[in-house]
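Got a sequence here, can you model it:
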Amino acid sequence: MVSETAFAQVLDIRILGGDTTLVHVHSRPMAYACISGSALKTQVRGAGWTPAGEPCAVGTGGVTTTYAARPEAHRVANVGLDGFRIIGVQSLRDPETGDWFDLRTVMLGLAAEDAAHRHDVPTLVVLAAGAAVNRVVGGRETLLLDPGTWVWIEAGSSHSLINETGPEARLVEIAVR
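You can find the predicted model right below:
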């Protein structure tokens, strides 16, 4: 875990090529942004290994909500040569709500700007590739220079994303309901 608020935990999950995690338990819904993909297989405690899946695509996101209803103890093996990395957001809100996350992928070409928009709930902005600037309307700018860097957008705030430096920036916005 790299950060915790009253409503969420941010996780920087990395598995080196050829490595296997220890058995661990997930009991909360989680959304994530893919920073680097590799073929993974999983083993639920007491069961066999699943077949290796396709690597996640850099700059895409996903949501796993089944953990809220059915906690899972498992381990994960990276059967590829490349490192696997996601930035995950685990909701700490009441699991009875059932509506935890909204995801939005943003791809920006050189000198492109995503129009300013408002978030009604706290939103994590994750840089998956390239570099970008997060500009909060009436507030500060945050440079997102390395894949895997992120910034929280407070509920009720408006912001825009700008690619000022490179050919393409890919970001994932994860709204935590």
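
Run a quick neighbour tally on T142.
Under the neighbour criterion other Cβ atoms under 10 Å, T142 is assigned a count of 19. Any C-beta I mention is one placed from the backbone N, CA and C, and that applies to glycine too.

can you tell me how far the residue of the chain most remote from its centre sits from I174?
Using Cα atoms, centre = their mean, the residue of the chain lying farthest from its centre is G46. It sits 28.4 Å away. Distance, G46 to I174, using Cβ to Cβ, to the nearest Å: 32 Å.

Stretch 3-22: end-to-end distance?
21 Å (Cα to Cα, to the nearest Å).

Okay, buried residues for that stretch please.
8-11, 13, 15, 21 (16 or more other Cβ atoms under 10 Å).

Inside strands: which ones of the residues you listed?
Among these, DSSP state E puts 8-11, 13, 15 in strands.

which one of these is nearest T149?
V10 (11.3 Å; Cβ to Cβ).

Not counting sequence-adjacent ones, nearest residue to the closest one?
S3 (4.2 Å; Cβ to Cβ, 6 or more residues apart in numbering).

do M1 as well
Q9 (5.2 Å).

any idea how far M107 is from that neighbour?
Between Q9 and M107 the computed distance is 27 Å (Cβ to Cβ).

do you know how far Y32 is from I162?
Taken as Cβ to Cβ, the span from Y32 to I162 is 24 Å.

quick one, which of the two is more surrounded?
Set Y32 next to I162 and count neighbours by other Cβ under 10 Å: Y32 wins out with 24 against 16.

what helix or strand is that one on?
Assigned by DSSP states H and E, Y32 belongs to strand 30-36.

For this structure, give me the ranges with low pLDDT.
Applying pLDDT under 70 to the chain flags residues 95-97.

where exactly do the helices run in it?
66-69 (DSSP state H).
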